[in-house]
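Asker: I'd like to go over a predicted model; first the sequence, then the structure.
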Amino acid sequence: MGRYVWGMCGWLCLLLATLGAQAAAGQAEDNEAIYRPAITNSSWEQKTVSPVVYRAPYSVALFNAPHGEDRERLNSQSKLVGAFIVTTAGVLALLPSDFTQWEDSDEPLHKRWWDNVRAGPTWDRDEWYLNWLGHPYLGGMFYQVARKSGYRQWDAFIYSALMSTFGWEYGVEAFAEVPSIQDLVMTPLLGWVYGEWAFQKEREIIQRGSTVWGSRFLGNTALLFLDPIDALGASVNNLFGREVFIAGTGYWGYQEAPRATGESDKQVYLQLNYRLGSGKPVTGGRYVPSSAYTTHSKDPVDSSIISVSLGTTYLNLDSRWQVANGWAPTYTFGIHFYPSLSARLSYSRAKLNSTRGGSQVIYENYSADMQYYFRAQQQLRPFVTLGFGETLLEEEQDTSAFQWNGGLGLHLKLNRHWAFQMDWRHFYGTRNHHQDDLITGQVIYRFGRGENGQL
């Protein structure tokens, strides 16, 4: 019964969003505001920032907004994110459990939530499109809430990680299933990649008059899917005729305005995509003005620090597993803090022959590791790795073994986006004392601008 209550709430919220979107779509007139000193751009790159950002690039400014970031907008949009999370959970509750992998139970909600939280996190086996498409899309929406409130990429990533962890995995989804290890990583990490792409793509669409291929309808549709949370907020504002949520994003453009004397003024203008409340653009008072017309600050941390890799692993396993050695495909998600330091989440899975008979056994291994690279500015870099994780058979948690691991490897940079890496890791199980050796070769891809060596 609880699932259907959630579902009805979800569909009612979606209906409200649809009505609001129709109201917003009916307003075809764009608004422009000539730059005044009291206004600055909602993009972090247009701000004058403290040198501290470059001395401590991974410091978090999400909670104090030292460079004029729009905390008021962030707080307002966070309420909208909460409503969006509940709506999404309600819709998923209506879907078949074999699609969502959500368990149906008559157990009291609070007890079910607590049991799932205590049992996790674990490696989930959701459909690939939920893990590889759905969760990064969700993380990208969270990311844009902070990014479009004037925060830099690292702060937007931290916001997305907080929302996806405590709002989703350990929030509403924990009522239905055990929190997922890969969702905790993939949602904010790949959400950063998608969210930044969507943030830039939205700016491009708005700057050419909110059109795609010359069509306003396609333009508005694209903007809706690029950031449904912001579109929902603007739609609710239009529906009620007032600013319920601080939504709608303005972007600066540049032009020369002729004067009667024959000279021209250089002007920066703000183009707004949504009309809020009475239709007057909300532009003043949220940012401390920087210098004259435009200021460029280079973000010291961007999505270029994220990597994904694919490869194969030779499994030399302890005889106590009672499975034969073999090969397993392996993929990893990495984050490269500095040329000399990175972290990754790795996963390997294979069907191996049992040594007790002719049957095959499903083998899985996942681990979180840190890597320290020597000769970090060179193309060929030796490294050491240290981490922990689990190995299990037949997808049964009863067979799982917590393992520490450590090893050595070589990293070969091919160009700024691509690299090849080989490593050997020795695994030691603390419970059953299993000792395994894994040798992995993989191709690594860096997103964004790739490895640029600026940190």
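Answerer: Great, that's in hand. The structure displayed is predicted, hence computed values, not measured ones. Numbers count the residues shown, from 1 in each chain.

Asker: So in this protein, which helix runs the longest?
Answerer: In the chain, with assignment by DSSP state H, the single longest helix is helix 181-207.

Asker: Can you give me the buried ones in that one?
Answerer: For helix 181-207, the neighbour count (16 or more other Cβ atoms under 10 Å) marks 181-196, 198-199, 202-203, 205-206 as buried. Yep, even glycine has a C-beta here, placed from its N, CA and C like the rest.

Asker: tell me which strands and helices that helix is in contact with?
Answerer: helix 135-147, helix 153-162, helix 216-226, strand 250-258, strand 306-316, strand 326-338, strand 341-353 (3 or more Cβ pairs under 8 Å, 6 or more residues apart in numbering; DSSP states H and E).

Asker: Quickly run through the sheet partners of the last one, with directions.
Answerer: Spelled out, it's strand 341-353. Using DSSP bridges, the strands paired with strand 341-353 in its sheet are strand 326-338 (antiparallel), strand 360-373 (antiparallel).

Asker: Now tell me what touches the first one from outside.
Answerer: Spelled out, that is strand 326-338. Residues outside strand 326-338 that contact it (Cβ atoms under 8 Å, 6 or more residues apart in numbering): 58, 185-186, 189-190, 305-315, 342-350, 352-353, 363, 365, 376, 440, 442, 444, 446, 451, 455.

Asker: I'd like to know which of these are buried.
Answerer: Listed as buried from the contacts of strand 326-338 are 185-186, 189-190, 305-309, 311, 313, 315, 342-350, 352, 363, 365, 440, 442, 444, 446, 451, 455; burial here means 16+ other Cβ under 10 Å.

Asker: how near is K148 to S78?
Answerer: Using Cβ to Cβ, to the nearest Å, K148 is found at 13 Å from S78.

Asker: Looking at those two, which has the bigger crowd around it?
Answerer: K148 (27 against 18; other Cβ atoms under 10 Å).

Asker: I'd assumed D230 was in contact with that one.
Answerer: Yes - counting by Cβ atoms under 8 Å, K148 touches D230, with 6.6 Å between them.

Asker: Nearest spatial neighbour of G171, chain-adjacent residues omitted?
Answerer: The shortest distance from G171 to any non-neighbouring residue, by Cβ to Cβ, 6 or more residues apart in numbering, is to I85 (6.7 Å).

Asker: Report the buried residues of the helix or strand that contains the one you found.
Answerer: Element membership for I85 (DSSP states H and E) is helix 71-94. Residues of helix 71-94 classed as buried by neighbour count (16+ other Cβ under 10 Å): 71, 73-74, 76-78, 80-81, 83-93.

Asker: Just give me the residue right at the centre of the protein.
Answerer: Using Cα atoms, centre = their mean, the residue of the chain that lies closest to the mean C-alpha position is G191, 2.1 Å off.

Asker: does that one really touch L138, like I thought?
Answerer: Yes - here G191 reaches L138: they are 6.7 Å apart, a contact under Cβ under 8 Å.

Asker: Now do the shared contacts for the two.
Answerer: Residues touching both G191 and L138 by Cβ under 8 Å, 6+ apart: S164.

Asker: Just give the number of residues close to the closest residue to the residue nearest to the centre of the chain other than its chain neighbours.
Answerer: Leaving aside its chain neighbours, G191 sits nearest to G139 (1.9 Å; criterion: Cβ to Cβ, 6+ apart). Per other Cβ under 10 Å, the neighbour tally for G139 reads 27.

Asker: which residues does G139 contact?
Answerer: Shown in contact with G139 (Cβ under 8 Å, 6+ apart): 160, 164, 186-192, 194-195.

Asker: again with Q371
Answerer: Going by Cβ under 8 Å, 6+ apart, Q371 touches 341-344, 383-385, 409.

Asker: ok, now how distant is R208 from D230?
Answerer: Taking Cβ to Cβ, one finds R208 at 19 Å from D230.

Asker: I appreciate the help and will end here.
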